[in-house]
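# Sequence first, then the predicted structure, then my questions.
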Amino acid sequence: MKKSYILLALAVLMTVTSCDFMRRLAGRPTSEDIEVARLEILRIQKEAEVAAEQARLDSIKQVQKELQDSLAAYDSLRQEVGSILNPAELGGLFSSKLEARYYVIVGAFRARSNAEGMVERINKEGEYAPALINFRNGMIAVGVCPRNKVQDAVQALKEVREESFCPKDVWILVNE
C-alpha cells in the first residue's frame, strides 16, 4: 500500500508541478530561458533589419549626391561654353571600347598625320597621355584626361584649357 501511495503522490506531484520543474531537473532550459532566448533572437533580427534599411538609405543618399554633383558639373560646363558629345552624334566610334567614360577632346582630324602631330605636341608638355580615338565617319580625335566621373572630366577640361596646345573648341566625349 505504501508503494501505491508513493506512486499516487508522485503522480499528483508531477501533475501539480510544471514542466519547468522537470526541465530544471533534467538540466534543460525552462520556458523562461526559452522566452529570453526568443526575445534576444527577435532583437538581433530587428537590429539587422534596421541596419539593412540604414544601409539602403545611405546608398540612396550617395546616389542622389553623385547625381547632384553630375548635374552641377554639367551646369558648370554649360556656363563655360563647353559641350559634351556622345560618339553616336559623330557617327559612332570605330574602336569597340575606350578605357574611360569621358575624354577631353583637344582636336579632331580627317588626316591621321595631323592627329599624330597633335599627339606629339601634347607629349612635349609631358603631363598628358593623349589617345587617338577613331570614329566611323573617318575622323580621328585626340583625347586626353580619361575620366569615369563627369565632375572629374569637367575639372580636367578646365585644366586642359590653360595649356598651350589646347584650342578654343575643346569638348568632352562621353563613351557610352
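In hand now; what should we look at?

# Helix, strand or coil: sort out Leu173 for me.
Three-state call for Leu173 (DSSP: H, G, I helix; E, B strand; the rest coil): strand.

# if I look at it, how far off is Glu53?
When distances are taken as Cβ to Cβ, to the nearest Å, Leu173 and Glu53 turn out to be 40 Å apart. C-betas here are computed from N, CA, C, even on glycine.

# And these two? Which one has more around it.
Between Leu173 and Glu53, counted using other Cβ atoms under 10 Å, the more crowded position is Leu173 (26 against 10).

# Look at Val144 and say how many residues are nearby.
Burial measure for Val144: 26 neighbouring residues, criterion other Cβ under 10 Å.

# next one: Asp169
Asp169 sits with 12 neighbouring residues when counted by other Cβ under 10 Å.

# any low-confidence regions in the protein?
1, 10, 12-18, 72-97, 126 (pLDDT under 70).

# what ranges do the helices span in it?
Listed from the start of the chain, the chain has helices (DSSP state H) covering 2-16, 19-26, 31-79, 112-125, 150-161.

# Of those, flag the one that's most buried.
The highest mean neighbour count among those belongs to helix 150-161 (a mean of 19), with neighbours defined as mean count of other Cβ atoms under 10 Å.

# What angle do helix 112-125 and that helix make with each other?
With axes from the mean of the first three to the mean of the last three Cα atoms, to 10 degrees as the basis, helix 150-161 and helix 112-125 are set at 90 degrees to each other.

# what packs against helix 150-161?
Using 3 or more Cβ pairs under 8 Å, 6 or more residues apart in numbering; DSSP states H and E as the contact test, the elements touching helix 150-161 are helix 31-79, strand 102-109, strand 140-147, strand 171-174.

# Tell me how many other residues surround Ile105.
Summarising burial for Ile105: neighbours were counted as other Cβ under 10 Å, giving 24.
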